[in-house]
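Engineer: My questions are about this predicted structure, shown below with the sequence.
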Amino acid sequence: MTGVRLSYLPSEDQDLIRSAARKYLTEKIPSDRVREIMMASEPDRSLWDELADLGWAGFLVPEEYGGSGFGYPDAAVLAEELGRAVTPGPFLASAVLATTALLGSGDPRRHGDLLSGMADGSVVAASAIYEKRRGWDPEDIDTTANPDGDGWVITGRKRWVLSAPHADMFLVSARTDDGVDLFAVPSDTVIVTPTPTLDATRRQGDVVFDSVAVPAEARLGGGEENLRRTLDIGAAVVASEQVGVASAAFDMALDHARTRFQFGRAIGSFQAVKHRLADMLTRLENARSVALHAVRVVDDPVELAIAAPLAAVIAGPVANWITGESIQIHGGIGFTWEHDAHLYFKRAKAASLLLGDHGYHLSRMGDALGL
């Protein structure tokens, strides 16, 4: 953002968001409850209802639609805290991705009722974008939306749809004669098949659109540009979440190193462990810096196209590495089901593939830089 000086110091509101979120998540959503939710046979909406009562479901929704009206740097703070607690639920799918797509659709007032429902938690919206046969880019979308009288008929299959088993509404990317656009499709008109995931705190599913008829107003608008911006913002917020995941894993490793004794000494006093912890902290702060930058340039499409994939290629691998190192520092106990270390490792690994793999983001960044 040429000529604009960005501040990376947290605002007073962001400090309050962080402290309130951490207190609530620590007290109300301990790891025992996380495990209970992720092991349940059916999706549990009770937690999402609680978070909606706190205003988190509508965190980015403007106040005129019943939301909290916060910005992306504020949402990134909340996402980081949710990552620290490996919180289950559709925050990324509904409160970030779907909300961003609706707000970027040209005239969000057309979707005011949907935004209001998402803000109060009564509606969970999921973005159905990716398809098995092709890649992560909007150009790879094969699902079609064909005109039919005053409406559209949507045909295709989407894979790895985040929060699909929770969803009341799908925002599906489909190809029209004018290019790719997003359409709002009720969940009771599609076929949803839950799929196994590495990170059981985040449910996913396959969604089949078998000649689904929707009215004309179901077309959101904004086209491919809106879809790309939504995915870039999603990648930036995921990077902040990854910082939270890595930060919690580092704190666990540090605490273990201070309290685990061998040969009459805390293992943290041994040089090999000291070096590991120092490397973990250095990489964590590097990831934090790029994640902070990405969410602060969302209004600059040129800078965002560079900053979002940069955050993804740094924060994702850092979270994967730190959560793995945390398991190593914990030793044998870190490899057990009973210890929470694996929850963070799985969240980090799965999140690093949600919106594109490492190679895809490198390619996006190279294209943005003209390389």
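Structural biologist: Noted; the coordinates are in hand.
Engineer: How about residue 298: what's its closest non-neighbour residue?
Structural biologist: residue 72 (4.9 Å; CB to CB, 6 or more residues apart in numbering). No exception for glycine: its C-beta is placed from N, CA and C like everyone else's.
Engineer: what's the burial count for that neighbour?
Structural biologist: The burial count assigned to residue 72 is 22, neighbours taken as other CB atoms under 10 Å.
Engineer: from memory it sits against residue 293, does it?
Structural biologist: No: Residue 72 lies out of contact with residue 293 (CB atoms under 8 Å); the separation is 11.8 Å.
Engineer: quick one: the longest helix along the chain to chain centroid distance?
Structural biologist: Ranked by residue count and defined by DSSP state H, the top helix of the chain is helix 223-259. With CA atoms, centre = their mean, to the nearest Å as the basis, helix 223-259 stands 8 Å off its chain's centre.
Engineer: Rounded mean pLDDT for that helix, please.
Structural biologist: Averaging pLDDT along helix 223-259 gives 95.
Engineer: Could you check the pLDDT of the residue nearest to residue 298?
Structural biologist: Looking at residue 72, its pLDDT reads 96.
Engineer: In the helix or strand hosting residue 214, which residues are buried?
Structural biologist: Per DSSP states H and E, residue 214 falls inside strand 204-215. Judged by neighbour count using 16 or more other CB atoms under 10 Å, the buried positions of strand 204-215 are 204-207, 209, 212, 214.
Engineer: Nearest to residue 220, out of these: which one, please.
Structural biologist: residue 214 (10.9 Å; CB to CB).
Engineer: and the strand holding residue 214, what does it pack onto?
Structural biologist: strand 151-162, strand 169-176, strand 179-186, strand 191-195 (3 or more CB pairs under 8 Å, 6 or more residues apart in numbering; DSSP states H and E).
Engineer: Pipe these into CSV and attach mean neighbour count per row.
Structural biologist: Putting the helices and strands packed on strand 204-215 into CSV (neighbours: other CB atoms under 10 Å) gives the following:
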stretch, mean neighbour count
strand 151-162, 21
strand 169-176, 24
strand 179-186, 21
strand 191-195, 14
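Engineer: so what pLDDT did residue 139 get?
Structural biologist: pLDDT at residue 139 comes out at 80.
Engineer: mind listing what it touches?
Structural biologist: Residues near residue 139 by CB atoms under 8 Å, 6 or more residues apart in numbering: residue 180.
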